[in-house]
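Student: Mind looking at a prediction? Sequence and model below.
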Amino acid sequence: MRSSFPLKDRPVPKESPMRQRTERFSDKADLTAFLGAFCFFLSAVEYMLPKPLPFMRLGIANLPILLAVDILPFRWYLVLAVVKVIGMSLISGTLFSYIALFSMAGTMAAALAMWGLRRAGGRYISQIGVSIAGAMVSNASQIFIARYLVFRETAWLIAPLFLAMGLATGTGLGIFAERFARISKWYAMAMFLPPPEREAAPAKGKVRNLSRFRLFPRRGTESRQAMKEKAATRRAARKKKAEALFTPESLALSGIIAMFAFFFAEGLGTKAVMLCLFAFAASAMGKRFSLVTTLSVSLGIIAANLLVPSGLILTELWGFRITKGALIEGIGKALTFEGLMYLSKATIMPGLKLPGRLGRIVAAAFTYYDKV
């Protein structure tokens, strides 16, 4: 029997794909969790990229926040920024460290700057301009915090390089976001717009196998790869054993107690011993870290503090004065920074569940992240 409804006026079935997709984008909590998962993924990519300072963020993981400027209401937009910081800290195990503070300051400053600029300029300001503004504000806020917590006045020496990197990454992310917003069917659906027209795919040419043109033979690659796999296997075994002995909640509570004890510890020797204990605990938990990076960051913090003389002159090298006050302050800041890093790695597990609705959104974001 033919339906009495014209084709365009026929009711949409309750379980139709179009209705399901519309309801999915109407659920702002689910959409926030989905975007948060991509923040986690891009954070993992950013972690592998070289940076002028290991604990500072370049802002690549802010791409979903940039796209969310036009998608999410302001309330859920701020929730996404918080979910990004919490999730990144849980994945990297840095929730109790200065890195979480740098990430929170940079992310929230960038999010507010991008939202404000987008609302003030509307469609007259492109995604590129919004992205550059967010990157510059994010990096400037991190430099400001570094000036008071780590480097003192010498933080301004790294400001030009770090701001230049922010300009470069902000421009790149903006170009990508502008292109993505024009051609993405997902973005159009999230904005409740008609799907974009598909562009013709370029003709595929033959791809030549260039493996035989390598300049250097790959000697030792297999042995190094085997060593890495063995190390990863040992870490996985230690992690599995630790997860069987401890719950994420008990470890987090012990981490909070140890953090207060570390802050109130007197003397550089005591903090150095606690740092070694935290590093040993992180290794026992199967966490990955680099002693070379730890040493280089610590030396960088000490050297930056020595650039501002303070107290008794201990010695002079090539016209550079090493003062007692600056040296002690630099060592203390280096021990505090690295100690909190190792403590966080030792006591924060990805399975940690946070209370409330925010905790459920973070958990949903991790569910999406596992599928990425």
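Tutor: Arrived safely.
Student: what's the spacing between Met341 and Ala146?
Tutor: Counting by Cβ to Cβ, to the nearest Å, the gap from Met341 to Ala146 is 15 Å. No exception for glycine: its C-beta is placed from N, CA and C like everyone else's.
Student: can you pull the contacts of the closest residue to Pro309 other than its chain neighbours?
Tutor: Spatial nearest neighbour of Pro309, chain neighbours left out: Thr323 (4.5 Å); criterion: Cβ to Cβ, 6 or more residues apart in numbering. If you count contacts by Cβ atoms under 8 Å, 6 or more residues apart in numbering, Thr323 has them with Leu306, Pro309, Ser310, Gly311, Leu312, Ile313, Leu314.
Student: I'd like to know how many residues surround the closest residue to the third one other than its chain neighbours.
Tutor: Counting by Cβ to Cβ, 6+ apart, Gly325 is the residue found nearest to Ser310 once chain neighbours are left out, at 3.5 Å. The local packing count at Gly325 equals 14, with neighbours defined by other Cβ atoms under 10 Å.
Student: which element is Gly325 on?
Tutor: helix 324-347 (DSSP states H and E).
Student: do Leu80 as well
Tutor: Going by DSSP H and E, Leu80 is in helix 74-92.
Student: out of the contacts of Thr323, which is most surrounded?
Tutor: Leu306 (18 neighbours).
Student: mind listing what that residue touches?
Tutor: Phe320, Ile322, Thr323, Ala326, Leu327, Gly330.
Student: Would you report the backbone torsion angles of Ile322?
Tutor: phi -100, psi 110 (degrees, to the nearest 10).
Student: circling back to that earlier point, what is the mean pLDDT for the helix holding Leu80?
Tutor: For helix 74-92, the mean pLDDT works out to 86.
Student: Can you show me the CA trace of that helix as CSV?
Tutor: C-alpha atoms of helix 74-92 as CSV (Å, rounded to 0.1, in the frame of the first residue of the first chain):
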residue,chain,number,x,y,z
PHE,A,74,30.3,28.3,26.8
ARG,A,75,29.6,26.1,29.8
TRP,A,76,30.5,22.9,28.0
TYR,A,77,33.4,24.6,26.3
LEU,A,78,35.0,25.3,29.7
VAL,A,79,34.2,21.7,30.8
LEU,A,80,36.1,20.5,27.7
ALA,A,81,39.2,22.5,28.7
VAL,A,82,39.1,21.1,32.2
VAL,A,83,38.6,17.5,30.9
LYS,A,84,41.6,18.0,28.6
VAL,A,85,43.9,19.0,31.5
ILE,A,86,42.7,16.3,33.8
GLY,A,87,42.9,13.6,31.2
MET,A,88,46.3,14.6,30.0
SER,A,89,47.6,14.7,33.6
LEU,A,90,46.1,11.2,34.3
ILE,A,91,47.6,9.7,31.1
SER,A,92,51.1,11.2,31.7
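Student: Now do the buried residues in that helix.
Tutor: 76-92 (16 or more other Cβ atoms under 10 Å).
Student: For the helix or strand encompassing Leu167, list every residue counted as buried.
Tutor: Per DSSP H and E: Leu167 is located in helix 155-183. For helix 155-183, the neighbour count (16+ other Cβ under 10 Å) marks 155, 158-159, 162, 165-166, 169-170, 172-174, 176-178, 181 as buried.
Student: just those residues now: which is nearest Met274?
Tutor: Ala155 (26.0 Å; Cβ to Cβ).
Student: Would you confirm that that closest one contacts Ser141?
Tutor: No. Between Ala155 and Ser141 there is no contact, the gap being 11.9 Å when judged by Cβ atoms under 8 Å.
Student: Tell me which helix or strand comes right after the lowest-mean-pLDDT helix or strand in the chain.
Tutor: Within the chain, judged by mean pLDDT, DSSP states H and E, the helix or strand with the poorest mean is helix 17-26; its value is a mean of 56. Helices and strands here follow DSSP H and E; after helix 17-26, the next one along the chain is helix 28-47.
Student: just the CA coordinates of that following helix, formatted as PDB?
Tutor: Taking C-alpha atoms only, helix 28-47 is exported to PDB below (Å, rounded to 0.1, in the frame of the first residue of the first chain):
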ATOM      1  CA  LYS A  28      26.600  18.000  24.800                       C
ATOM      2  CA  ALA A  29      28.200  15.800  27.600                       C
ATOM      3  CA  ASP A  30      28.800  13.000  25.000                       C
ATOM      4  CA  LEU A  31      30.200  15.500  22.500                       C
ATOM      5  CA  THR A  32      32.400  17.000  25.100                       C
ATOM      6  CA  ALA A  33      33.800  13.600  26.000                       C
ATOM      7  CA  PHE A  34      34.400  12.800  22.300                       C
ATOM      8  CA  LEU A  35      36.400  16.000  21.800                       C
ATOM      9  CA  GLY A  36      38.200  15.400  25.000                       C
ATOM     10  CA  ALA A  37      39.400  12.000  23.700                       C
ATOM     11  CA  PHE A  38      41.000  13.700  20.700                       C
ATOM     12  CA  CYS A  39      42.700  16.200  23.100                       C
ATOM     13  CA  PHE A  40      44.200  13.100  24.800                       C
ATOM     14  CA  PHE A  41      45.400  11.700  21.500                       C
ATOM     15  CA  LEU A  42      46.900  15.000  20.300                       C
ATOM     16  CA  SER A  43      48.500  15.400  23.700                       C
ATOM     17  CA  ALA A  44      50.300  12.100  23.200                       C
ATOM     18  CA  VAL A  45      51.500  13.300  19.800                       C
ATOM     19  CA  GLU A  46      52.700  16.600  21.300                       C
ATOM     20  CA  TYR A  47      54.600  14.700  24.000                       C
END
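Student: Phe366 in helix, strand or coil?
Tutor: Here Phe366 is helix, with the state taken from DSSP: H, G, I helix; E, B strand; the rest coil.
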